[in-house]
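Q: Next input, structure requested:
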Amino acid sequence: LDNISSHIVNYREFEVNRVEESQQQVSDMQERMVELEEEAETLKKLVVEKNKQATFDALTGIPNRLFFEERSEHEFSRWKRFNTPLILAIWDIDFFKKVNDNYGHKAGDKVLKTVAGLINKRIRSTDFLARFGGEEFVMLLPGTKQEEALYFLNKLRLQVGQCGFRYQEEVVNVTVSCGISDFRENDSVESVFERADQALYKAKENGRNQCVVAE
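A: The predicted structure follows:
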């Protein structure tokens with residue numbers, strides 16, 4: 001009986017220790033899972049941030065040229081499939097070099113951010129605006145006919161001209177020019193871009209601060 005009692009006591013102690021060890025292992029695993037989840041969330045945020053850095057313009061906060069190239073191919077595929085109207089427009093800030101020369105690059109940066117922010121706030125959620133490079137911006141307007149686009153873009157142009165831009169309490173006249181082209185049969189993104197660019201060139205030739213539709 002003494003032997004049996006001793007065995008029972010030993011067995012109970014063994015079981016208690018085993019249960020405690022198991023509970024500790026489970027606790028350690030749970031802590032490790034929490035750590036891994038936190039690490040995964042950190043990595044996810046890092047990936048999102050790096051992707052944003054790669055596809056968004058650091059100065060203006062809007063999409064950059066790389067993002068535009070991706071989006072334009074996507075919209076082009078949708079246009080080919082559904083044959084709904086699609087407009088490409090190119091904006092250029094008039095006499096931007098004079099702003100930099102007369103007021104400095106900080107003023108130029110402020111002009112870029114102001115114009116980008118003003119236009120970006122007034123477009124539809126389905127529209128797309130990107131900084132193409134320098135003082136040029138490019139837009140995609142899905143489901144928009146040419147005459148509708150001209151009316152809408154002229155409103156944007158006027159709003160930019162009336163924004164009352166100031167730099168160090170001095171009024172700086174800021175206007176924009178725009179070239180517009182729709183997507184047509186047998187077009188590519190490159191051919192539409194070229195037509196819009198030629199229309200922009202005509203807008204500049206004709207005195208700037210205007211929107212011109214490609215022939």
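
Q: residue ranges with poor pLDDT in the chain?
A: Low-confidence segments of the chain (pLDDT under 70): 47-53.

Q: residue boundaries of the helices in it?
A: 2-55, 65-82, 96-103, 105-122, 146-161, 189-205 (DSSP state H).

Q: Determine the set of other helices and strands touching the fifth one.
A: When you say that, I think you mean helix 146-161. strand 86-93, helix 105-122, strand 136-142, strand 176-182, strand 211-213 (3 or more Cβ pairs under 8 Å, 6 or more residues apart in numbering; DSSP states H and E). C-beta: built from backbone N, CA, C; applies to glycine.

Q: Just give me the neighbour total for residue 191.
A: The number of residues packed near residue 191 is 13, by other Cβ atoms under 10 Å.

Q: Distance of it relative to residue 182?
A: As judged by Cβ to Cβ, to the nearest Å, residue 191 and residue 182 stand 12 Å apart.

Q: before we move on, what about residue 100?
A: Taking Cβ to Cβ, one finds residue 100 at 33 Å from residue 182.

Q: And those two? Which one has more around it.
A: Shown here are residue 100 and residue 182; by other Cβ under 10 Å, residue 182 has more neighbours (21 against 16).

Q: In contact with that one, which residues are there?
A: Applying Cβ atoms under 8 Å, 6 or more residues apart in numbering, we find residue 182 in contact with 85-88, 145-146, 149, 192.

Q: Residue 113: neighbouring residues, count only.
A: 15.

Q: From residue 58, how far off is it?
A: 11 Å.
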